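Asker: Take a look and give me a structure for this.
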Amino acid sequence: MDRRQFSKITAVSLAAPPALVAAQERLVEGKHYVAVSPRQPTLDPKQVEVLEFFAYGCEHCHAFEPTIDAWQKKLPADVRFRRIPVAFRAGPMVVHQQLFFAIEALGLVEQLHGKVFTALHVERRRLDRPEDLADFAAKNGVDRARFVGALNSFSVATKVKQATLLATGYKFQGTPSIGVNGRWLTSGSMAGSNEKSLAVAEHLIGLEKKGA
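Answerer: Okay, the predicted model is just below:
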């Protein structure tokens with residue numbers, strides 16, 4: 001999703017696995033990925049942190065979700081994957097940030113994250129208001145009061161602010177984008193496709209592990 005309009009980032013290509021893509025093309029800083037300056041904070045210096053910047057309203061993020069979800073589940077224990085919902089403007093995008101952090105707080109990302117994309121892009125449901133989110137949660141078996149409590153919590157509000165600060169610090173232009181260890185940024189537009197951005201991310205993870 002572009003800061004001015006919905007993202008024109010290339011849709012996911014499933015032509016080759018990331019490792020094969022990396023082997024076929026030399027990855028170049030400034031073309032396939034860029035350095036982030038100043039370096040952004042990470043949660044644990046003992047782990048390499050990978051961030052997916054996404055927006056629920058972004059159709060490219062919806063298309064990419066099954067691929068990046070399968071990829072992140074295969075990452076080694078010393079690599080930490082985090083999803084970061086972003087908002088380029090006020091309104092529904094901020095509500096969607098709150099939605100993600102509420103389901104994360106309830107431990108329901110695995111259960112509901114994909115269903116949010118389906119509700120928006122397949123079922124064409126509106127999830128613009130807090131009451132819409134509560135209806136969605138209840139429909140999917142979540143206690144309404146428990147969900148509303150999480151949605152309105154101080155911790156969720158804090159995480160929304162932190163996500164916005166991270167997004168600003170990484171200076172990316174559209175979603176989905178991938179940040180690596182506070183130091184690197186790649187995306188489908190830089191890598192050539194969203195699938196190839198995973199190959200670039202693997203390359204950057206390798207650089208961080210080598211201390212490059």
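Asker: ok, the residue located most distally from the centre of the chain to residue 156 distance?
Answerer: Relative to the centre of the chain, the most outlying C-alpha is that of residue 145, 27.1 Å out, by CA atoms, centre = their mean. Distance, residue 145 to residue 156, using CB to CB, to the nearest Å: 15 Å. Heads up, the C-betas are built off the backbone N, CA and C, glycines and all.
Asker: same thing with residue 90?
Answerer: Plainly put, residue 90 is 17 Å away from residue 156 if you go by CB to CB.
Asker: now residue 191
Answerer: 32 Å.
Asker: So which of these two has more stuff around it?
Answerer: Counted by other CB atoms under 10 Å, residue 191 and residue 156 do not tie: residue 191 has more neighbours, with 28 against 21.
Asker: Residue 140 reaches residue 112, doesn't it?
Answerer: Yes - when contacts are counted by CB atoms under 8 Å, residue 140 is listed as touching residue 112 (6.0 Å).
Asker: Between those two, which is the more surrounded one?
Answerer: Taking neighbours as other CB under 10 Å, residue 140 and residue 112 compare with residue 112 leading, 21 against 15.
Asker: now that one, nearest residue through space, not along the chain?
Answerer: residue 103 (4.8 Å; CB to CB, 6 or more residues apart in numbering).
Asker: On the C-terminal side of the helix or strand hosting that neighbour, identify the next helix or strand.
Answerer: Using DSSP states H and E, residue 103 sits in helix 92-105. Where DSSP H and E defines the elements, the next helix or strand beyond helix 92-105 is helix 109-121.
Asker: got the buried residues for that next one?
Answerer: Buried positions in helix 109-121, judged by neighbour count with 16 or more other CB atoms under 10 Å: 109, 112, 113, 115, 116, 117, 119, 120, 121.
Asker: If I take it and helix 92-105, what angle do their directions form?
Answerer: Helix 109-121 and helix 92-105 are oriented at 160 degrees to each other (axes from the mean of the first three to the mean of the last three CA atoms, to 10 degrees).
Asker: Would you mind extracting the C-alpha trace of whatever helix or strand comes next after helix 109-121 into PDB?
Answerer: Counting by DSSP H and E, the next helix or strand C-terminal to helix 109-121 is helix 130-139. Extracted in PDB, the C-alpha atoms of helix 130-139 (Å, rounded to 0.1, in the frame of the first residue of the first chain):
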ATOM      1  CA  PRO A 130     -14.400  -0.900  16.700                       C
ATOM      2  CA  GLU A 131     -17.900  -2.400  16.700                       C
ATOM      3  CA  ASP A 132     -17.200  -4.100  13.300                       C
ATOM      4  CA  LEU A 133     -14.100  -5.700  14.900                       C
ATOM      5  CA  ALA A 134     -16.000  -6.900  17.900                       C
ATOM      6  CA  ASP A 135     -18.600  -8.500  15.500                       C
ATOM      7  CA  PHE A 136     -15.800 -10.100  13.500                       C
ATOM      8  CA  ALA A 137     -14.200 -11.500  16.700                       C
ATOM      9  CA  ALA A 138     -17.500 -12.900  18.100                       C
ATOM     10  CA  LYS A 139     -18.300 -14.500  14.700                       C
END
